[in-house]
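K.L.:
I'd like to go over a predicted model; first the sequence, then the structure.
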Amino acid sequence: MTTNVPLVVRLLASSVSVANRAGKIVRDVMSKGELGIVEKGKDDYQTEADRSAQRCIIASLAAQYPKVNIIGEEDGSDNEGDVASDWLISEADKDVLSLECPVNLRSVKEEDIVVWVDPLDGTSEYTQGFLEHVTVLIGISVNEKPVAGVIHQPYYKTMLGGEKIMGRTIWGLQEVGVGGFTPAPPPDSLIITTTRSHSNPLVEKALQVMNAAQILRVGGAGYKVLQLLEGKASVYVFASPGCKKWDTCAPEAVLSAAGGQLTDILGDFYKYGGTELHPNKTGVLAAVSKDLHSYALNRIPQELKDALANK
Ligand SMILES: Nc1ncnc2c1ncn2[C@@H]1O[C@H](COP(=O)(O)O)[C@@H](O)[C@H]1OP(=O)(O)O
Ligand SMILES: [Mg+2]
Ligand SMILES: [Mg+2]
Ligand SMILES: [Mg+2]
């Protein structure tokens, strides 16, 4: 019975179902063609899909987990009156519900949890038609650490018996692992994944020192971490502020459940408590394994780390 399932596992199972619904909203807004783009700041946009997906996610989770602190990227989207009933999701993914909860998470209470929601990661790419880069991110943190997360890719296509299925949902849970797809081994040579829409001289300097065989420039923190898990890249480097806690919470949870590591450019973990400032000021450094992460960390010169730390 659902009520016997520990809270973290139930919340992860609900997040998988809610992310699927949010992904459909993201596709529906695009097919209607009325994106309703708002410029929030420099290179920083919001669309009707960001707003609607966030309302669906927050209303659905808040109705079931009223004491959980849920923080979403899009300010104000969740208090715009009633949410359409077909956006209120109460289902929970059955496969996830049957997972064994790690011992240290069994007695977690709603008050101990902060959920970080990025309803649409890769908004620039969404508006420019790079739809594969778009993800929906729901990260679950306990005692400031990301312990579980969901990365949903609304435009991933699978063929099933001649029929096209849109979207896939990858989840991760500390000590249990990842599900929703099969991770692939890292590439033989050093392939780096980085931003395509938020570069600057510091970002480029950090890429030069890596001595990589190839650099992939793609959108979104969620998509870059998926590239690591799929063996398309081995390290994710972004030596710049710009990402926020909702960009990295779910990706960090999924990556670390698969044995990888995500920190800032100085090698320090971000904290995901409810009172933390939102910006990830000191950038992102992530890798498929702890060894590759330390390799990349050691290649970054101290003056570059200082430049970011003192920004
Ligand atoms: N300068 C910035 N301003 C706003 N958001 C940023 C900025 N840099 C990064 N981000 C967020 O981090 C994600 C990953 O960055 P990038 O694609 O450049 O590697 C972006 O998709 C965006 O999330 P979002 O699309 O949810 O607003
Ligand atoms: Mg944004
Ligand atoms: Mg984002
Ligand atoms: Mg976003």
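P.N.:
That came through fine. Since the structure is predicted, the reported quantities are computational estimates derived from the model, not experimental observations. Numbers count the residues shown, from 1 in each chain. Ligands and ions are numbered 1, 2, ... in the order given.
K.L.:
return the residues in contact with residue 155.
P.N.:
Going by C-beta atoms under 8 Å, 6 or more residues apart in numbering, residue 155 touches 27, 131-132, 134, 166-167. C-betas here are computed from N, CA, C, even on glycine.
K.L.:
ligand 3 contacts on the protein?
P.N.:
118, 121, 247 (C-beta under 5 Å from the ion).
K.L.:
so which of the contacts of residue 155 belong to strands?
P.N.:
166-167 (DSSP state E).
K.L.:
are any of the contacts of residue 155 buried, and which?
P.N.:
Buried members of those, counted by 16 or more other C-beta atoms under 10 Å: 27, 131-132, 134, 167.
K.L.:
nearest to residue 212, of those?
P.N.:
residue 132 (21.8 Å; C-beta to C-beta).
K.L.:
right, and the closest one touches residue 166 too?
P.N.:
No - under the criterion of C-beta atoms under 8 Å, residue 132 is not in contact with residue 166, lying 11.4 Å apart.
K.L.:
find residues that contact each of the two.
P.N.:
155-156.
K.L.:
and the gap between residue 181 and residue 215?
P.N.:
According to C-beta to C-beta, to the nearest Å, residue 181 stands 24 Å off from residue 215.
K.L.:
SS state for residue 17?
P.N.:
helix (DSSP: H, G, I helix; E, B strand; the rest coil).
K.L.:
that one - how many residues pack around it?
P.N.:
Residues near residue 17, counting by other C-beta atoms under 10 Å, number 19.
K.L.:
ok, it - contacts?
P.N.:
89, 91-93.
K.L.:
please identify which helix or strand holds the residue lying closest to it once chain neighbours are set aside.
P.N.:
In this structure, residue 17 finds its nearest non-sequential neighbour in residue 91, 4.3 Å apart by C-beta to C-beta, 6 or more residues apart in numbering. For residue 91, there is no enclosing helix or strand under DSSP states H and E.
K.L.:
and for residue 145, nearest residue in space, chain neighbours not counted?
P.N.:
Among residues not flanking residue 145 along the chain, residue 272 sits closest, at 6.8 Å (C-beta to C-beta, 6+ apart).
K.L.:
all set, thanks.
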